[in-house]
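Q: What follows is a protein structure lacking sequence information:
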C-alpha cells in the first residue's frame, strides 16, 4: 500500500535496542525504511540491528546519550552521512523513576528532564534540517498518560518531563509546518515492557482489560511516521486501552 510504503526513507529511532523503540524500528523497517537503531547501550543496539538484518531488513546501530548535546549531534550527523538523508525521527529514549515527591532530589529532577525532555529537543533540533530539506518529514515523540493527568505510579519529575513533551510537540509542529514536517506524539498508558514488568499493574482497571504492549504503542508510532498521517500535526495519540479518555 503506497501510503505505508517507506522504501527509500531513513528513520532514526532512539532507545531502539528494546521495548517500544525496538518494535517501532521493526515496523518502519518492515515498511521499507532503513533504520538507525540508536541507543546508549551500543552492544544491545548492535544486537538488535543484527537481528533485523538477518530477517532481511535494513538496519544499523549508532551510539547516543540523548542527554548529551554533543552525542546527539554526532549521532544525527553519522546517520545522515551513512544514508545521505533522514526522513523520520522517533524520540523514544527515556527513563522511568517511581520516586515519591520527597524523594525527588535536584539530581533526580535534572537527570529525568535531561533524558526525557531535553533529549527530545536535541534530537529534533539536529534532525530537523535534514527532514526539512526533503520537503517531507516526521517527528514522533513518546510521551505518557502520566504527562496528561499526573502519574500516581511515576514520579512527579517523570510526569513533568512527559507533560513537557506535549508542549514541545506543539511548538515543533508549528515550526515544522512550513516545511511539511509533521510533529506528533504517542502517549502510552499502563504498558507491559521491560521498564514496567516488575510493577505488577492491574489490568482490571483498564476498560479493555489488558495491559498494553510495546507493539501497541509502536503501531501508533508507525501510523504517525507514514503518509497516512500527513494532515495530522501537533497531536497526541493515546494508547491506553481506554483508561484515560479526553
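A: Here it is on my side, so go on. Bear in mind the structure is a predicted one, so any value in this text is a computation, not a measurement.
Q: When you work out contacts or count neighbours from here on, use the C-alpha atoms and nothing else.
A: Noted.
Q: can you pull out the helices in the protein?
A: Secondary structure of the chain, counting by DSSP state H: helices at 19-30, 42-54, 69-83, 106-113, 119-134, 146-149, 156-176, 214-224.
Q: Would you point to the one among these that's packed deepest?
A: Sort these by mean neighbour count, taking mean count of other Cα atoms under 10 Å, and helix 19-30 sits at the top with a mean of 25.
Q: For stretch 217-228, what is the distance to the chain centroid?
A: Stretch 217-228 sits 11 Å away from the centroid of its parent chain (Cα atoms, centre = their mean, to the nearest Å).
Q: Scan the helices and strands of this structure for the one with the lowest mean pLDDT.
A: helix 146-149 (a mean of 90; mean pLDDT, DSSP states H and E).
Q: out of the helices of the chain, nearest to residue 140?
A: Minimum separation from residue 140 across these (Cα to Cα) falls at helix 214-224, 6.5 Å.
Q: so the closest one versus helix 19-30, what angle?
A: If you take axes from the mean of the first three to the mean of the last three Cα atoms, to 10 degrees, helix 214-224 sits at 50 degrees to helix 19-30.
Q: Helix 214-224 packs against which elements?
A: Applying 3 or more Cα pairs under 8 Å, 6 or more residues apart in numbering; DSSP states H and E, one finds that helix 214-224 contacts helix 19-30, strand 137-142, strand 181-188, strand 236-239.
Q: didn't residue 215 look like it was pressed against residue 18?
A: No: if you go by Cα atoms under 8 Å, residue 215 and residue 18 don't touch, sitting 11.2 Å apart.
Q: Show me the shaky parts of the chain.
A: Along the chain, the parts satisfying pLDDT under 70 run over 1, 152, 195-199.
Q: circling back: want to try TSV for the helices and strands packed on helix 214-224, with distance to residue 72 as columns?
A: Shown next, in TSV, are the helices and strands packed on helix 214-224 (distance: least, Cα to Cα, whole Å):
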stretch	distance to residue 72
helix 19-30	17
strand 137-142	15
strand 181-188	19
strand 236-239	24
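Q: rewinding a little: Throw the helices of the chain into JSON lines and include distance to residue 12, thanks.
A: Output for the helices of the chain, formatted as JSON lines (distance: least, Cα to Cα, whole Å):
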{"stretch": "helix 19-30", "distance to residue 12": "8"}
{"stretch": "helix 42-54", "distance to residue 12": "12"}
{"stretch": "helix 69-83", "distance to residue 12": "7"}
{"stretch": "helix 106-113", "distance to residue 12": "21"}
{"stretch": "helix 119-134", "distance to residue 12": "9"}
{"stretch": "helix 146-149", "distance to residue 12": "24"}
{"stretch": "helix 156-176", "distance to residue 12": "17"}
{"stretch": "helix 214-224", "distance to residue 12": "12"}
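Q: Out of those helices, which is closest to residue 201?
A: Residue 201 lies closest, by Cα to Cα, to one member of the helices of the chain: helix 146-149, at 14.3 Å.
Q: other SSEs contacting that closest one?
A: For helix 146-149, the packing partners by 3+ Cα pairs under 8 Å, 6+ apart come out as helix 156-176.
Q: Tell me how far the residue nearest the centre of the chain lies from residue 136.
A: When Cα atoms, centre = their mean is applied to the chain, the residue found nearest the centroid is residue 92 (2.5 Å). According to Cα to Cα, to the nearest Å, residue 92 stands 21 Å off from residue 136.
Q: Centre of the chain to the edge, which residue is at the far end?
A: The C-alpha centroid of the chain is most remote from residue 102, which lies 29.0 Å away (Cα atoms, centre = their mean).
Q: any idea how far it lies from residue 95?
A: The gap separating residue 102 from residue 95 is 19 Å, by Cα to Cα.
Q: What of residue 211?
A: Going from residue 211 to residue 95 by Cα to Cα gives 19 Å.
Q: Compare neighbour counts for those two and give me the winner.
A: Remark: of residue 211 and residue 95, residue 211 carries more neighbours, 19 against 13, as counted by other Cα atoms under 10 Å.
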